[in-house]
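1. requesting a structural model of the entry that follows:
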Amino acid sequence: MRAVVQRVSRAEVRVEGKVVGKIGPGILALVGIGLNDSSKTARALAEKVMNLRILDDDQGRMNRSVLEARGGVLCVSQFTLYGDARRGRRPSYTEAASPASAQPLYEKFLEEIRALAAPNGLVVESGCFQAVMEVELVNDGPVTILLDTDKVF
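-> Residues are numbered from 1 along each chain as shown. A predicted model of the protein is given here:
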């Protein structure tokens with residue numbers, strides 16, 4: 001699985017003009033599912049995202065996770081994270097899981113995120129799987145981190 005995690009002051013996702021997920025300060029996670037991913041990788045990525053120390057502490061240093069900072073979390077599925085544009089100009093998506101395989105793993109990822117967030121009462125929102133979405137955000141910092149459970153980068 002792959003994720004682009006951005007520290008945001010606010011973010012929202014819309015489907016057909018309607019807001020389906022919205023948060024204030026916290027993190028936006030764009031999530032892609034690969035061919036070889038499993039429930040185990042969904043759990044590992046969720047734990048990494050929720051414990052990533054990219055939010056400021058009292059001294060203004062990136063030293064807190066979203067759990068510690070009590071921020072919001074917005075998750076959006078994005079198969080294009082598996083786009084490979086090393087050859088030619090049209091990305092290949094052969095390493096992305098099919099929608100039938102990816103959706104249950106994305107739902108598992110969300111389940112794990114919500115389980116980690118629940119004890120702290122954090123807001124967790126999401127987009128709609130396989131929908132055409134508009135994502136609007138204010139990147140705070142800017143801070144953007146790339147994660148890959150296969151440690152490709």
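2. any idea how far the residue of the chain most remote from its centre lies from Thr94?
-> Centroid-distance maximum for the chain: Gly88 at 27.7 Å, with Cα atoms, centre = their mean. Counting by Cβ to Cβ, to the nearest Å, the separation of Gly88 from Thr94 is 13 Å. From N, CA and C alone the C-beta is placed, and that goes for glycine too.
3. got the CA positions of the lengthiest strand in the chain in PDB?
-> Secondary structure of the chain per DSSP state E: the longest strand is strand 133-148. In PDB, the C-alpha atoms belonging to strand 133-148 read as follows (Å, rounded to 0.1, in the frame of the first residue of the first chain):
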ATOM      1  CA  MET A 133     -13.800  13.200  -6.200                       C
ATOM      2  CA  GLU A 134     -12.600  16.800  -5.700                       C
ATOM      3  CA  VAL A 135     -10.200  17.100  -2.900                       C
ATOM      4  CA  GLU A 136      -9.500  20.600  -1.400                       C
ATOM      5  CA  LEU A 137      -6.900  21.200   1.200                       C
ATOM      6  CA  VAL A 138      -4.700  23.700   2.800                       C
ATOM      7  CA  ASN A 139      -1.300  22.000   3.200                       C
ATOM      8  CA  ASP A 140       0.200  23.300   6.500                       C
ATOM      9  CA  GLY A 141       3.900  23.800   6.300                       C
ATOM     10  CA  PRO A 142       3.800  22.500   3.600                       C
ATOM     11  CA  VAL A 143       4.400  19.000   5.000                       C
ATOM     12  CA  THR A 144       4.000  16.000   2.600                       C
ATOM     13  CA  ILE A 145       5.300  12.500   3.400                       C
ATOM     14  CA  LEU A 146       5.300   9.500   1.000                       C
ATOM     15  CA  LEU A 147       4.800   6.100   2.600                       C
ATOM     16  CA  ASP A 148       5.000   2.600   0.900                       C
END
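4. that strand pairs with which strands?
-> Sheet pairing here is set by DSSP bridges, and for strand 133-148 it gives strand 2-15 (antiparallel).
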